[in-house]
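*Asks:* Show me how the following folds:
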Amino acid sequence: MKIFVAGATGRVGQILIKQLADKGHTVYAGARREEEIEKNEKIHPVHMNLHSTVAELTKLLSDVEVVYFVAGSRGNDLLQTDLNGAVKLMEAANQAGIARFIHLSALHSLVPEQWPESIPDYYVAKFFSDKWLIDQTDLDYTIVQPGSLEETVGSGKITTNVTGFSKNSIENVASVLAEVLDKPNTIKKLISMGDGDTPIEEAIRNIK
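*Replies:* Sure, this is the predicted structure:
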């Protein structure tokens with residue numbers, strides 16, 4: 001498949017583009033600092049600015065079949081990047097005729113009473129971007145919702161349907177994002193996740 005990844009220089013994005021390339025996909029790696037991305041026969045750096053218009057973003061998607069949004073401002077530009085940037089990319093995917101959209105969100109993003117007190121504005125951005133994807137588009141979305149991201153080695157094992165707090169290896173999060181790509185049972189689904197005991201392939205296969 002030909003895949004566009006928005007946020008390819010982020011902590012999750014860097015791992016995700018490599019995993020997708022290793023699976024044989026052609027990856028257009030979108031980032032503001034695209035020069036930081038190592039180009040090879042499968043990974044093609046693309047300059048992307050989420051402050052751009054929908055029309056400008058649509059041009060970046062002219063040759064792809066799937067769009068990932070894994071971008072994030074680390075709290076520095078929540079409205080324009082994490083929220084409006086995501087919404088504009090959804091609109092761009094729609095205008096480009098792309099059905100499949102995979103969105104990295106946050107655990108319990110749609111349940112405000114379960115938001116952590118430490119980063120409420122981040123959760124507001126994820127709440128409204130998720131709601132837009134679900135309610136205002138016809139995209140074949142999958143929304144992956146991890147809890148706290150940890151810079152630890154991925155175990156390749158997770159738990160889903162998390163009800164409380166969860167810790168997540170960044171590598172495990174990237175692996176889940178890559179795994180849901182061609183799994184029809186994950187379309188129109190929200191997948192809450194944390195590190196756990198079930199192999200990722202099995203956990204995703206059991207999503208209902």
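
*Asks:* thought Glu151 was touching Ile170?
*Replies:* Yes - contact criterion Cβ atoms under 8 Å: Glu151 and Ile170 qualify, at 6.0 Å. Every residue, glycine included, has its C-beta placed from N, CA and C.

*Asks:* now Lys59, what's its secondary structure?
*Replies:* helix (DSSP: H, G, I helix; E, B strand; the rest coil).

*Asks:* Looking at Glu151 and Ile170, which is more packed in?
*Replies:* Ile170 (20 against 8; other Cβ atoms under 10 Å).

*Asks:* quick one: the residue nearest the centre of the chain from Val173, how far?
*Replies:* Among the residues of the chain, the one closest to the centroid is Leu104, at 3.0 Å (Cα atoms, centre = their mean). Distance, Leu104 to Val173, using Cβ to Cβ, to the nearest Å: 7 Å.

*Asks:* cool, Asn94 as well?
*Replies:* Asn94 sits 26 Å away from Val173, going by Cβ to Cβ.

*Asks:* Counting neighbours, go ahead and name the busier of these two.
*Replies:* Neighbour count, other Cβ under 10 Å: between Asn94 and Val173, Val173 has more, with 27 against 19.

*Asks:* and the residue lying closest to the more buried one once chain neighbours are set aside, how far is that from Asn84?
*Replies:* Nearest residue to Val173, sequence neighbours excluded (Cβ to Cβ, 6 or more residues apart in numbering): Pro146, at 4.9 Å. Taking Cβ to Cβ as the measure, Pro146 and Asn84 are separated by 22 Å.

*Asks:* And the two? Which one has more around it.
*Replies:* Taking other Cβ under 10 Å, Pro146 and Asn84 do not tie; Pro146 has more neighbours (27 against 18).

*Asks:* For the more buried one, which residues are in contact?
*Replies:* Leu104, Ala106, Leu107, Ser166, Asn168, Val173, Val176, Ser192, Met193, Gly194 (Cβ atoms under 8 Å, 6 or more residues apart in numbering).

*Asks:* if we go to 7 Å?
*Replies:* Leu107, Ser166, Asn168, Val173, Met193, Gly194 (Cβ atoms under 7 Å, 6 or more residues apart in numbering).

*Asks:* so can I have a markdown table of those showing distance to Ile43?
*Replies:* Below are the contacts of Pro146 laid out as a markdown table (distance: Cβ to Cβ, whole Å):
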| residue | distance to Ile43 |
| --- | --- |
| Leu107 | 29 |
| Ser166 | 30 |
| Asn168 | 24 |
| Val173 | 19 |
| Met193 | 25 |
| Gly194 | 29 |
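
*Asks:* Closest one of those to Val46?
*Replies:* Val173 (22.1 Å; Cβ to Cβ).

*Asks:* Checking the closest one next. Helix, strand or coil?
*Replies:* Going by three-state DSSP: Val173 is helix.

*Asks:* I'd assumed Val12 was in contact with it.
*Replies:* Yes - using Cβ atoms under 7 Å, Val173 is in contact with Val12, at 5.5 Å.
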